[in-house]
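Peer 1: mind folding the following:
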Amino acid sequence: MAIVAPVFILVLLALVEMSVMFFTTLTMQYAVREGARFAITGQSGAGSQQRYAAVIAKIRDSSLGMYDKVNPVISVNGTAYSSSTYSNGMFGTAGSIIVVQLDSTWPVTTPLLSTFFTDGKYRFTVAATMRNEFFP
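Peer 2: From the prediction side, this is the model:
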């Protein structure tokens, strides 16, 4: 038991961590899709909030709290944006096709899995492609 239990627990923890990594990927895919769906309507959200801030807020709200944990880099139509370079034109105009892409990293903590990932981080990319609706 003393020999088998540590190996069994290590494999069990690796399985749980892989489940969390894939859950995070699926959750962020859903969040990006919801953000893109919000972006194609041309809405800017409540009050005087800018369009880009409303879309980022929609992605953050749909991510079940994982947005801040994955250190996201958001790209629209191949151009990466940071919080200092957001602009209202980043989501295009009416009728244009937009590709919202989010590149993220998730730290791997299980020693068994960290050897399989570069720098001990699981890197993933999720994206959604949609055509903007005709908005005023």
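Peer 1: spatially nearest residue to T125 (excluding sequence neighbours)?
Peer 2: D103 (5.0 Å; Cβ to Cβ, 6 or more residues apart in numbering). For the C-beta atoms, the positions are set from N, CA and C on the backbone; glycine is no exception.
Peer 1: show me where the chain has helices.
Peer 2: Ranges of helices in the chain, per DSSP state H, are 4-39, 51-62, 111-114.
Peer 1: export those to CSV and tack on distance to F134?
Peer 2: Formatted as CSV, the helices of the chain follow (distance: least, Cβ to Cβ, whole Å):
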stretch, distance to F134
helix 4-39, 14
helix 51-62, 15
helix 111-114, 47
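Peer 1: return the most buried member of those helices.
Peer 2: Most buried of the helices of the chain by mean neighbour count (mean count of other Cβ atoms under 10 Å) is helix 51-62; its value is a mean of 19.
Peer 1: check which helices and strands that one sits against.
Peer 2: For helix 51-62, the packing partners by 3 or more Cβ pairs under 8 Å, 6 or more residues apart in numbering; DSSP states H and E come out as helix 4-39.
Peer 1: and the helix it packs on with helix 51-62, angle?
Peer 2: 150 degrees (axes from the mean of the first three to the mean of the last three Cα atoms, to 10 degrees).
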